[in-house]
Structures are given as structure tokens and as C-alpha cells.
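Participant: Can you look at this prediction? I've put the sequence above it.
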Amino acid sequence: FGWASHAADPQPLYRVAPDVVVGETALRAAIDPLFEDSDMGQTRALLVMRDGQIVAERYAPGFGPETKLLSWSMAKSVTGVLVGLMVSDGRLALDSPVPVAAWSQPGDPRGRITLRQLLQMTSGLDHVEDGEPIENGDTVRMLFTSGAQDMGAFAESKPIAHEPGTEFSYSTASSVILSDLMARMLTNSEDPDTRRRAMQMFIDGRLKAPGNLSSLTPEYDAAGTMIGGSMMHMTARDYGRFGELLRRHGRSPAGHQIVPEKWIDFMTTPSPRNAAYGAHIWLNRDSAESALMPGRAPTSLFGCVGHNGQYILVSPSQRLTVVRIGMSPEKEQRAAVKAALARIVGLFPG
């Protein structure tokens with residue numbers, strides 16, 4: 001299982017396992033277009049794991065196995081797992097109204113929003129994910145302009161637009177509300193450093209160390225709230241390990257139950273308002289709003305999906321996890337990337 005390097009770059013960039021069930025020639029033929037076809041944008045890292053072992057790995061020049069790569073919205077699935085750990089601890093309840101102070105006034109309809117609804121993107125809050133122009137969207141305002149100092153407060157200040165639980169509306173702000181809730185379950189302090197430390201200790205002790213995700217690095221806003229909808233960093237290998245944790249229903253390679261199996265089942269069960277979305281994770285089902293590739297990969301496949309074409313694809317029936325990190329800002333580029341990833345997935349038997 002050796003590395004092949006580009007002559008101009010001394011760093012190892014590409015390796016394929018010689019004994020993989022899929023032949024090396026076929027696997028390389030499926031992987032190479034992701035790096036060499038400009039119609040797909042720029043692929044920075046590609047990782048294929050089968051039965052928990054890396055069977056193929058390629059990086060663009062300037063990137064490698066130790067490079068931490070931005071998650072964008074793949075972070076939502078990490079946040080979903082962390083929420084599950086707090087539910088298993090009894091700190092949060094799935095079907096109880098969430099304890100957000102801004103929603104606690106009598107008669108405030110937001111006071112009925114549950115944890116389940118935030119996880120399934122059916123809170124009913126008036127969150128505009130992508131505006132026209134883009135800077136008018138809540139996500140850009142929350143992450144980079146008027147809401148950036150206290151993202152939780154920005155997200156929680158929005159009025160209700162629909163009865164909670166009645167409509168699917170993808171929302172990075174919902175993930176930030178969940179991040180703020182978790183911090184408040186861990187400390188009563190409003191001090192940003194205290195909030196940050198409390199959350200980081202929880203992540204380190206309950207997910208990062210037991211999941212062998214040594215590169216997992218979340219970002220925090222100025223109020224000490226984890227930016228749980230979009231701003232985490234990991235190496236491609238650790239993104240793969242996270243996908244494997246989901247594939248194994250929350251168990252480590254050694255068999256330790258890190259995340260409750262029932263929680264992974266909940267995350268990967270189609271939600272009532274969008275069959276292609278579970279609880280902070282995308283499912284490979286037909287839907288008006290689908291981020292994966294229904295019809296071109298197994299129905300049981302699910303995935304973490306991020307802005308500009310970030311993917312962790314998990315196919316339990318094939319014992320397969322595929323990671324693609326890159327920059328594909330155009331819709332047509334992302335469609336080409338998904339087709340190429342579906343081709344890789346399709347090489348492996350069920």
C-alpha cells in the first residue's frame with residue numbers, strides 16, 4: 001500500500017490498496033476525474049474506506065493526510081452526534097420544548113419548539129438560509145456580519161414563520177441554536193472562555209478521544225458558542241473515521257459504544273417533512289430537496305454534506321465510507337462531483 005508522488009511535489013499524494021475488492025485500475029479511473037476534470041471544480045482530498053480500512057486516498061498538491069480541512073455544513077452531523085450524547089446523559093430531551101430564554105415569555109409560539117424539530121429542520125423559525133443577493137441571507141449575516149459576535153442570540157431572535165413541525169427549512173442557524181443549548185447545559189456562565197472550555201472538554205472527552213478524531217477542531221464565536229452548523233476542521237482521514245463511527249452505529253473499531261445505537265438510527269431515519277433528511281444528516285431518498293444521489297447509489301446510503309461540495313458518504317450495505325473535500329462553487333460542478341462519487345460507490349458490491 002505505497003504512495004505515488006507527483007514529480008514536482010515531494011509529498012505523497014496518492015495511494016491505492018493492491019488487494020482491494022475493486023481492481024486498482026478501475027478505482028483509479030473513477031477517482032482521477034475528480035482531480036483532473038475542471039468541470040468538477042477543485043478536489044483537495046478524496047478518501048475511500050471499506051470495512052474501516054483505507055483502500056484509496058488522493059490529495060491535490062499542497063494538501064495531504066495531516067491537512068485540516070474546513071467542514072462547512074458537514075459540521076451539522078457532528079453537532080447532531082453531540083446532541084445525542086447530551087440526550088443520552090439526560091441533559092436534553094428530544095420531545096420537550098427547548099429551554100431558550102428568548103422564547104420563555106407566556107404566549108410566545110417559539111416556546112413550543114422541540115429538540116427534535118431543530119434537529120429535523122422543522123422549527124418553523126423565520127431563517128433564510130440563502131438570500132438574494134447572498135449577503136441578505138441569515139447564514140452570511142450570522143457567520144460574517146451583524147450576527148457574528150453572538151450567533152446564538154442572532155439565531156434565537158428570529159420570529160416564527162410556520163407552526164413548529166409543519167415545514168422543512170434547512171437552517172444553519174438551527175444548528176447554532178443547538179450549540180448554544182449544549183453550552184448552557186454544561187455551564188451557567190456567560191463568560192465566553194468558560195463556555196468555550198466547557199464545550200471543548202465535553203467534545204474532547206466524549207467524541208474526539210474515544211472516536212480517535214485527533215484533528216477535530218471546532219470554531220467558536222466571540223460569545224463562546226461553537227459554530228456547530230458550519231465551522232469545524234478535520235483531516236480527510238478523521239472525516240472518514242467520523243463516517244465510520246456512523247456506519248458502525250456509534251461503535252468504535254474496538255466495539256465500544258461511543259454514541260447510542262438508537263441515536264444513530266434516529267439520525268438516519270427519514271424525517272416527516274423531508275424523506276431525504278434525517279436529524280442533521282442527509283439521506284439518499286427521492287425528495288424535492290435532496291443533497292445526495294437518489295437512484296444512483298443504495299437507498300440506505302446517507303451523508304454529511306457541506307457548502308461547495310464537501311461530502312462524507314456512508315453506505316452501510318457496502319461497508320463503505322467515501323470522503324470528498326474540495327471547492328466546487330457552481331451547481332453544475334457539484335452535480336458532476338456527485339455523479340463521480342456515485343461512480344466510485346457503484347464499484348463496490350453490496
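Facilitator: Sure thing, it's come through.
Participant: Quick one: residues contacting residue 236.
Facilitator: Counting by Cβ atoms under 8 Å, 6 or more residues apart in numbering, residue 236 makes contact with 45-47, 57, 59, 65, 67, 69, 323, 325. All C-beta spots, glycine's among them, are computed from the backbone N, C-alpha and C.
Participant: Ignore what I typed, I meant residue 186.
Facilitator: So residue 186 contacts 195, 198-199, 201-202 (Cβ under 8 Å, 6+ apart).
Participant: Over to residue 232?
Facilitator: So residue 232 contacts 70-71, 74-75, 78, 216-219 (Cβ under 8 Å, 6+ apart).
Participant: ok, now residue 81?
Facilitator: Neighbours of residue 81 in contact, by Cβ under 8 Å, 6+ apart: 207, 245-246, 259, 263, 267.
Participant: hmm, which two among those residues are most spread apart?
Facilitator: Pairwise distances across those peak at 14.1 Å for 207 and 267 (criterion: Cβ to Cβ).
Participant: Does residue 342 touch residue 295 like I think?
Facilitator: No - when contacts are counted by Cβ atoms under 8 Å, residue 342 is not listed as touching residue 295 (9.0 Å).
Participant: Please report how far residue 83 lies from residue 119.
Facilitator: Distance check for residue 83 against residue 119: by Cβ to Cβ, to the nearest Å, it reads 7 Å.
Participant: Quick check: neighbours shared by those two?
Facilitator: What both residue 83 and residue 119 touch, as defined by Cβ under 8 Å, 6+ apart, is the set 178, 280.
Participant: Can you get me a residue count around residue 51?
Facilitator: Other residues near residue 51 come to 12 when the count uses other Cβ atoms under 10 Å.
Participant: so what's it scoring on pLDDT?
Facilitator: The per-residue pLDDT reported for residue 51 equals 95.
Participant: Equivalent analysis for the one 10 residues further on, please.
Facilitator: Taken from the predicted model, the pLDDT recorded for residue 61 is 95.
Participant: hang on, isn't it packed against residue 13?
Facilitator: Yes - using Cβ under 8 Å, residue 61 is in contact with residue 13, at 7.0 Å.
Participant: Could you check which of those two is surrounded by more residues?
Facilitator: Neighbour count, other Cβ under 10 Å: between residue 61 and residue 13, residue 13 has more, with 21 against 13.
Participant: What are the phi and psi values at residue 230?
Facilitator: Reported as degrees, to the nearest 10, the phi and psi values for residue 230 are phi -160, psi -10.
Participant: Please give me every residue in contact with the spatially most central residue of the chain.
Facilitator: Geometric centre of the chain, nearest residue: residue 74, 2.1 Å, by Cα atoms, centre = their mean. Under the criterion of Cβ under 8 Å, 6+ apart, the contact list for residue 74 reads 232, 239, 304-306, 310-312.
Participant: Over to residue 315?
Facilitator: Here residue 315 is in contact with 247, 297-298, 300-301, 321-322, 345, 348 (Cβ under 8 Å, 6+ apart).
Participant: got JSON lines for those residues, with distance to residue 281, pLDDT and neighbour count too?
Facilitator: Formatted as JSON lines, the contacts of residue 315 follow (distance: Cβ to Cβ, whole Å; pLDDT from 0 to 100; neighbours: other Cβ atoms under 10 Å):
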{"residue": "247", "distance to residue 281": "12", "pLDDT": "98", "neighbour count": "22"}
{"residue": "297", "distance to residue 281": "15", "pLDDT": "96", "neighbour count": "24"}
{"residue": "298", "distance to residue 281": "15", "pLDDT": "96", "neighbour count": "17"}
{"residue": "300", "distance to residue 281": "13", "pLDDT": "97", "neighbour count": "15"}
{"residue": "301", "distance to residue 281": "11", "pLDDT": "98", "neighbour count": "25"}
{"residue": "321", "distance to residue 281": "13", "pLDDT": "98", "neighbour count": "27"}
{"residue": "322", "distance to residue 281": "15", "pLDDT": "98", "neighbour count": "27"}
{"residue": "345", "distance to residue 281": "17", "pLDDT": "97", "neighbour count": "21"}
{"residue": "348", "distance to residue 281": "21", "pLDDT": "95", "neighbour count": "20"}
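Participant: All set, thanks.
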